[in-house]
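J.: Got a predicted structure plus its sequence, pasted below:
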Amino acid sequence: MAEPSDLGNLPRATVEPPKRTRISVIWIIPILAALVAIGIAVQRIRSEGPTITIAFAAAEGIEAGKTFIKYKDVNIGRVTKVELSDDYVLVLVTAKIAKHAAGLMVQDAKFWVVRPTISLSGVSGLSTLLSGNYIGFEPGKSQESEVTFVGLDEAPVAAGQQGRQFVLNASDLGSLEVGSPIYYRRLQVGQVAGYNLTPDGKAVQVKIFINAPYDKYVLPGTRFWVASGIDVSLNADGVNVHTESLVALLVGGLAFDLPPFEPSGQPAAANTVFTLYGDRAIAMKAPDAIMRQFVLHFNEPLRGLSVGAPVTLLGLPAGEVTSVGLELDEAKANIRPQVLVTLYPERLLADSEVKSGKPADIRDARKREAFLRRLIEERGLRGQLKSGSLLTGQLYVAFDYYPKAPKVKLDLSQKVPELPVVPSTLVELEAKLGGILDKVDKMPLDAIGNDLKKDLESLDETLASAKKLMNDADAQLVPQFKKALEDLHGTLVAVEKAMTSANVSLLNSDAPAQQDLRDALQEFARAARALRVLADQLERQPSSVIRGKTESMSGGK
Amino acid sequence: MNALGLSAAQAGLVCCRTCNLLSRPAQRDTPGYCPRCGATLVLRKHNSIQYTWAFLIAAAICYIPANALPVLTTTTLGETESDTIMGGVIFLYTSGSWPLALIVLIASVMIPLGKILALGYLLITVQRGSVANMHDRARIYYLVEFIGRWSMLDVFVDAFVVALVQLEPLMSVEPGSGVVFFMAVVILTMLAAQTFDARLIWDSARRVEVAHG
């Protein structure tokens, strides 16, 4: 084997291994630690929900790290920071929401601070006494997620409840407050959820919430009225006291119902705006399509007649008094009472239409006027002031037939026609009494007095002459009378003597007449005894009359 | 000869880590076993710097969750409250007992952090062959090693509280996951201090001396 000489120049392999950085197994420990830490971090980040900010007007009882956000009593988040806004007006509450509740954080979600509330209408949030205040939550319907919210001052009344909200327009809030009950047929079906002034400040908008099974009774035609406290009204009908319930009596409330004339149908949509009426009577009044104003000129004081007093037609409510005042007549330098009334003929006709099944002719304006003219001119329909209540002295206007009333012509051409009136019965009575007094006043009492005086004088004279006559009679008659009496006395003495002798002969026990009488009576007694014996005999033995007295009978004795 | 003296390794000798007997190594690379106590003799700890770094980095990583995660979960009357170490310090401070807060702050937050930083400083200076403050660094190392045995105090307190406070309906305490990481920090820093060979501090000075001398 030939060895190439240049092979000897080849470099020798080194015995030392090339220097390498040896990485020890110990590095598994930090890698493991890092993996665990990263794993936990990833899990935390993945399980972490969004961080939201809620702006509250006040952070009553909210503490960072201790206050929870609860939905259906489940913690869905925790407050992590409480700070003031940049302008120091609001409290910005930062909260971490749990991952599982992240989907709830949508635009119209609601937050509010739950604190214990004790009011007349109920006790709520008692659990916060132990656990501290927490932030209540109600999910919204929006799909847009959101991380900044504005917290509510008060809990929404119907948090988590099914139902619908409506809006009522009222002139003032009355005794309502958030949580005031709402009644339907005296059943509490909802609450007042909130209220606010309209932007112009002239009305109040009350938000109400009707709970689910009952919200279907709110129809577009439903009327709402205030059932606040005790409702005492004093009018011509007397004293009305009306209340819904004790709670409503104390805290006020609302009630609603469907007036009978309103059609039933589909429930009203949520947030429908209704008018809030002052009381049930006003709320349930039918709307009056046909109405006309008339003027009445009463020639008597109007004290006791107030605006709103009823106007009745044959005793049925047909309208109301809209104005009471005086009418000036400068030309005649005269003022007279003037009463404006509004009549709603529909109210009287609804029923008749139902019965006849066709619209009454009265709906036609011209026919109506003609009918009214006939009523007044031919039948004698007249207005009259009547006292509705003796207690209160309230008056109302009644239209009735007075066929004997003087005929009038009805002028319907004016905008506000005048209807004829008759004086009220009270005034009539007054007038009659006045007439009587006038007659009494006109009597010639002085002349009568003079005559009477003369008569008395002549009577005096007559009596004087009578006395004289008596004196004459006394002087002439008495002596003769005395003599006559003396004669009478003598006669009587003679009579007495005769009587005494008669007495001796008849009544003395020894008098012969008496002796005879006694003997006769004794004889009579004996005869009677014999007769009784005979009667006994006959009773025992009737045959003895024929056969004679038997021995056996006597022997048996 | 100088103030630092001659190191055993330079003199071709090896000192037993267990019984401190100075002996001649069997071979230069594998010194063998101590003739007196039988412990393995090492001139310098094997991969000391690398091991220390590994434990230190692991400890630093664990330090973050140890502080971020709750160490105690207290349930009082149905209300659950989780406290991190720092939360506990703040709670103690705001509730007025600032000395306690200070103790917890020093024992549970500053000392582990200080240990990590101190060991990091030692490692970096040794790696860079720094000759400055060698005595101070040696003191720091012994301090770190001394403190290590007391660092489990927090873990013990946690364990005691969890074991004792179990008044079920009223109040109960559960350990949080942070305490596991805190324990890991303590163990890892102890291990790091253990694996760090303090003799390395002086070795770099020696190299410089040799280079200059």
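T.: On my side now, so go ahead. Note that the coordinates shown come from a computational prediction; the quantities given were computed from them, not determined experimentally.

J.: who in chain B is up against chain A?
T.: B:47, B:50-51, B:54-55, B:57-59, B:61-62, B:64-65, B:69, B:77-79, B:81, B:87, B:177, B:181, B:184, B:188 (Cβ under 8 Å from any Cβ of the partner chain). Every residue, glycine included, has its C-beta placed from N, CA and C.

J.: Of those, just the buried ones, ChimeraX syntax please.
T.: Buried residues within those, by 16 or more other Cβ atoms under 10 Å in any protein chain shown, are selected in ChimeraX with:
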select /B:47,50,51,54,55,57,58,59,61,62,65,69,87,177,181,184,188
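
J.: Narrow the residues of chain B next to chain A to those in helices?
T.: By the criterion of DSSP state H, membership of the residues of chain B next to chain A in helices covers B:50-51, B:54-55, B:57-59, B:61-62, B:64-65, B:87, B:181, B:184, B:188.

J.: what's near enough to touch B:Gly178?
T.: Residues in contact with B:Gly178 (Cβ atoms under 8 Å, 6 or more residues apart in numbering or on different chains) are B:65-71, B:84-85.

J.: Could I get the residues you listed in CSV, plus columns for pLDDT and distance to A:Pro417?
T.: Shown next, in CSV, are these (pLDDT from 0 to 100; distance: Cβ to Cβ, whole Å):
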residue, pLDDT, distance to A:Pro417
B:Pro65, 86, 95
B:Ala66, 86, 97
B:Asn67, 86, 94
B:Ala68, 85, 91
B:Leu69, 84, 91
B:Pro70, 84, 89
B:Val71, 82, 94
B:Thr84, 83, 89
B:Ile85, 83, 94
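
J.: Could you chop the chain up by domain?
T.: Since you didn't name a chain, this refers to chain A. A:37-150, A:163-283, A:292-439, A:512-551 (automatic domain parsing).

J.: Chain B is the one I meant
T.: If you go by automatic domain parsing, chain B breaks into B:1-43, B:47-212.

J.: Chain B contacts on chain A?
T.: Residues of chain A lying near chain B (Cβ under 8 Å from any Cβ): A:22-24, A:26-27, A:29-30, A:32-34, A:36-37, A:40-41, A:65-66, A:130-132.

J.: Buried only: go through those residues for me.
T.: A:26-27, A:29-30, A:33, A:36-37, A:40, A:65, A:131-132.

J.: can you give me the helices in the stretch 51-200 of chain A?
T.: Counting by DSSP state H, counting those that start in this stretch, one finds helices in the stretch 51-200 of chain A at the ranges A:128-131.

J.: Once you drop chain neighbours, what's closest to B:Ala198?
T.: Distances taken as Cβ to Cβ, 6 or more residues apart in numbering or on different chains place B:Tyr141 nearest to B:Ala198, at 5.0 Å, with adjacent residues excluded.

J.: Tell me which residues touch that neighbour, please.
T.: Neighbours of B:Tyr141 in contact, by Cβ under 8 Å, 6+ apart: B:118, B:122, B:193, B:196, B:198, B:201.

J.: isn't the third one right next to B:Leu119, touching?
T.: Translated: B:Ala193. Yes: counting by Cβ atoms under 8 Å, B:Ala193 touches B:Leu119, with 6.5 Å between them.

J.: In terms of pLDDT, where does the residue in chain B sticking out farthest from the centre sit?
T.: Distance from the C-alpha centroid of chain B, by Cα atoms, centre = their mean, peaks at B:Pro169 (40.1 Å). Note for B:Pro169: predicted pLDDT of 70.

J.: Likewise for the one 3 residues further on?
T.: In this prediction, B:Ser172 carries a pLDDT score of 79.

J.: again, but for A:Asp351
T.: Note on A:Asp351: pLDDT of 55.

J.: So which of the domains of chain A is the most surrounded?
T.: The highest average neighbour count among the domains of chain A, using mean count of other Cβ atoms under 10 Å in any protein chain shown, belongs to domain A:163-283 at a mean of 17.

J.: Please name the nearest non-neighbouring residue to residue 172.
T.: As the question left the chain open, I've gone with chain A. Leaving aside its sequence neighbours, A:Asp172 sits nearest to A:Val204 (Cβ to Cβ, 6+ apart; 6.0 Å).

J.: if you could check chain B rather than the one you did, that'd help
T.: Sequence neighbours aside, B:Thr75 is the residue nearest to B:Ser172 in space, at 4.9 Å (criterion: Cβ to Cβ, 6+ apart).

J.: Name the residues of the helix or strand encompassing that neighbour that come out as buried.
T.: Per DSSP states H and E: B:Thr75 is located in strand B:72-76. By neighbour count on 16+ other Cβ under 10 Å, the buried set for strand B:72-76 is B:72-75.
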